[in-house]
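A.B. asks: Quick one: sequence plus predicted model below, questions after.
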Amino acid sequence: MPELPEVETVARGLRLPLEGQRLAEVEVRVPALRWPLPRGLARRLTGRQVLSVGRRAKYLLIALDRDEVLLAHLGMSGRILLVPAGEERAPEPHDHIVLRTEAGSEIRFNDARRFGMVDLVPQPALEEHRLLAGLGPEPLGNAFSGPMLAAALEGKATPIKAALLDQRVVAGLGNIYVSEALFEAGIAPRRLARSVQGERAERLARAIKSVLHRAIAAGGSSLRDYVQTSGELGYFQHQWAVYGKEGEPCPGCTCGKGVRRMVQSGRSTFYCAVRQR
DNA sequence: ACGAGAACCTGTTTGC
DNA sequence: TGCAAACAGGTTCTCG
């Protein structure tokens, strides 16, 4: 589920129910996700006030009073479910962490596969946190550009597909948006990263920004459903050009061959063999 | 040092 | 229909 646009959508959806609220009750129902949860997490969170909800790469950053930040990653299958104040809903399987605010709404972290991660970090140490320290630039940040991307790809002997999944190169892209961005930029997924320079890097940086912006806009339009019901993908899935479209005609392309699927380092890549070079 | 593949889990879809 | 295999939006670890 969660690449940058999905996490951004979740962060936006959590602002209203969480910001300014005190956590009246906290339940931690599993000992570990990907790693053991911080000791005494429920106790340490109870009574704390939420100052703000933000995002870095695919991480949710929930800033608390007393200078601590709740850091959360949704892994592959993680979702945030919101139960509005006044509604009762029995805990469902894999509802691992449940936060209840003073106002009565419930925020649940549900993650069937438990690839997600949660940590509680002192604010001053946030940037050096082992999960955040090595992250590359935010693709939607002002600093991110063709030349910056070109520099990050320089000398890399790996396919561009794999390089873009590397969070040290750019932070926040995942398997879906890499396929989409490469299609939009007209770059073949197998092309070596080091050969993406100059105008190609420029096109790719632009495509990345454009795809992410459009996905966030679509996620935003389905924001309530997204957070409240199941955490499923927002409406952007209806706008995918190639992802999951093997055999279908590629949009705006007259190649007649349709979208192809291949496997690169164990993961599906969708592309047009004619338009992407 | 770098890149490819395995490993971590469970749920759903696909194929025989 | 039933069952097994393949596959799923991520990251880290190991090995060559």
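C.D. replies: Okay, I see it.
A.B. asks: any idea which element A:P189 lies in?
C.D. replies: Under DSSP states H and E, no helix or strand contains A:P189.
A.B. asks: Could you check how far it is from A:E154?
C.D. replies: To A:E154, A:P189 is 19 Å away according to C-beta to C-beta, to the nearest Å. The way it works is simple: take the backbone N, C-alpha and C, and place the C-beta from them, glycine included.
A.B. asks: Is A:L64 in contact with A:V53, as I believe?
C.D. replies: No: at 10.6 Å, A:L64 does not count as touching A:V53 under the criterion of C-beta atoms under 8 Å.
A.B. asks: ok and the residue in the stretch 101-250 of chain A nearest DNA strand C?
C.D. replies: For the stretch 101-250 of chain A, the residue closest to DNA strand C is A:G174, as judged by C-beta to the nearest atom of the strand, at 1.9 Å.
A.B. asks: Show me which of A:P189 and A:E154 is the more surrounded one.
C.D. replies: A:P189 (21 against 12; other C-beta atoms under 10 Å).
A.B. asks: Who's the closest spatial neighbour of that one, skipping the chain neighbours?
C.D. replies: Computed as C-beta to C-beta, 6 or more residues apart in numbering, the closest residue to A:P189 that is not its neighbour in sequence is A:K161, at 4.0 Å.
A.B. asks: what's in contact with the strand or helix carrying the one you found?
C.D. replies: Here A:K161 sits within helix A:160-165, counting by DSSP H and E. Here helix A:160-165 makes contact (C-beta atoms under 8 Å, 6 or more residues apart in numbering) with A:153, A:156, A:169-170, A:173-175, A:178-179, A:181-182, A:187-193, A:196, A:204, A:208, A:264-265, A:267, A:269.
A.B. asks: Quick one: buried ones out of those residues?
C.D. replies: The neighbour-count test (16 or more other C-beta atoms under 10 Å) marks A:153, A:156, A:169-170, A:173-175, A:178-179, A:181-182, A:187-189, A:191, A:193, A:196, A:204, A:208, A:264, A:269 as buried among the contacts of helix A:160-165.
A.B. asks: Of the residues you listed, which belong to strands?
C.D. replies: Judged by DSSP state E, strands contain the following of the buried ones among the contacts of helix A:160-165: A:264, A:269.
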